[in-house]
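> Here is my input, please return the structure:
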Amino acid sequence: MDQQELFSISTREASDRLKVNARCIRKWIDMYGEYVGYDVTEKGHYLLSEESIERLKEIQAQLQSPNKSMRKLREEMIEEGKLSQPSETYYTQQTFDEMISSMHQMGHMMEELFTRMERMEEHLYGIYDSFEDMEQKMGVVAQDAVSSGEVHKMFDEIRKKQDQLKIELRNVHFTQRLTSATSEQGLLPRRQKKNRFLFFF
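Residues are numbered from 1 along each chain as shown. Prediction:
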């Protein structure tokens, strides 16, 4: 059995099996990954095996014990030899991996933000063009009356463009808040990167 067949279960599927949030699964993998065992896709997503699922179930059961925190369980697993004692180098590499992962995700969100701003700019130009067109047509009212239906049609077009602009503004605002929250938290999970570099370097 090759590596791809061994690790084929996503964190979403694992969360369905264990009846917990997918974010909780990722936290457990980050904390006990050495014991759980996992692979990482080219996009940075975790993949698990059936054995990984069983070990996650074991961790879940342990954490349900009274006064059992994730940190305390990790210390116990280190004492039992299920996890290796982290060294200073480990923490340095972990910090570096987290920083790389954060910068990748920030870069993708910034690209999405710029794309939405470009669409918003296009909607603004569309509204300006509609106003100019309406101004030209209204200018000939004295010479050749414009039907009320045509005027209503022009206003409908402007309202549609304004609605599109409002949607883009909400999307841009949401992406900006998400980007700010991500940069402030700095708690993205550590994921192994395979021959990947920052796209903006």
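
> can you pull out the helices in the chain?
Using DSSP state H, the helices found in the chain span residues 3-6, 11-18, 22-36, 50-63, 70-79, 88-139, 148-185.

> Mind putting those helices into TSV with mean pLDDT?
Listed next are the helices of the chain as TSV, based on pLDDT from 0 to 100:
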stretch	mean pLDDT
helix 3-6	64
helix 11-18	94
helix 22-36	92
helix 50-63	95
helix 70-79	92
helix 88-139	71
helix 148-185	71
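
> Out of these, which is the most enclosed?
helix 22-36 (a mean of 19; mean count of other Cβ atoms under 10 Å). The way it works is simple: take the backbone N, C-alpha and C, and place the C-beta from them, glycine included.

> ok, residues contacting that helix?
Contacts with helix 22-36, where a contact means Cβ atoms under 8 Å, 6 or more residues apart in numbering, come from 11-12, 14-15, 18, 38, 46, 48, 52, 55-56, 59-60, 70, 73-74, 77, 82-84, 189-190.

> can you dump the C-alpha coordinates of it into PDB?
Output of helix 22-36 as PDB, limited to C-alpha atoms (Å, rounded to 0.1, in the frame of the first residue of the first chain):
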ATOM      1  CA  ALA A  22     -12.700  20.000  12.200                       C
ATOM      2  CA  ARG A  23     -10.700  22.800  14.000                       C
ATOM      3  CA  CYS A  24     -10.500  20.500  17.100                       C
ATOM      4  CA  ILE A  25      -9.100  17.700  14.900                       C
ATOM      5  CA  ARG A  26      -6.400  20.100  13.600                       C
ATOM      6  CA  LYS A  27      -5.500  21.200  17.100                       C
ATOM      7  CA  TRP A  28      -5.100  17.600  18.200                       C
ATOM      8  CA  ILE A  29      -2.900  16.900  15.100                       C
ATOM      9  CA  ASP A  30      -0.800  20.000  15.900                       C
ATOM     10  CA  MET A  31      -0.300  18.900  19.500                       C
ATOM     11  CA  TYR A  32       0.000  15.100  19.100                       C
ATOM     12  CA  GLY A  33       0.900  14.800  15.400                       C
ATOM     13  CA  GLU A  34       4.000  12.600  16.000                       C
ATOM     14  CA  TYR A  35       1.800  10.000  17.700                       C
ATOM     15  CA  VAL A  36      -1.300  10.400  15.500                       C
END
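
> Take the helices of the chain and lay them out in JSON lines including distance to E42.
What follows is these, written out as JSON lines (distance: least, Cβ to Cβ, whole Å):
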{"stretch": "helix 3-6", "distance to E42": "12"}
{"stretch": "helix 11-18", "distance to E42": "16"}
{"stretch": "helix 22-36", "distance to E42": "17"}
{"stretch": "helix 50-63", "distance to E42": "19"}
{"stretch": "helix 70-79", "distance to E42": "29"}
{"stretch": "helix 88-139", "distance to E42": "12"}
{"stretch": "helix 148-185", "distance to E42": "21"}
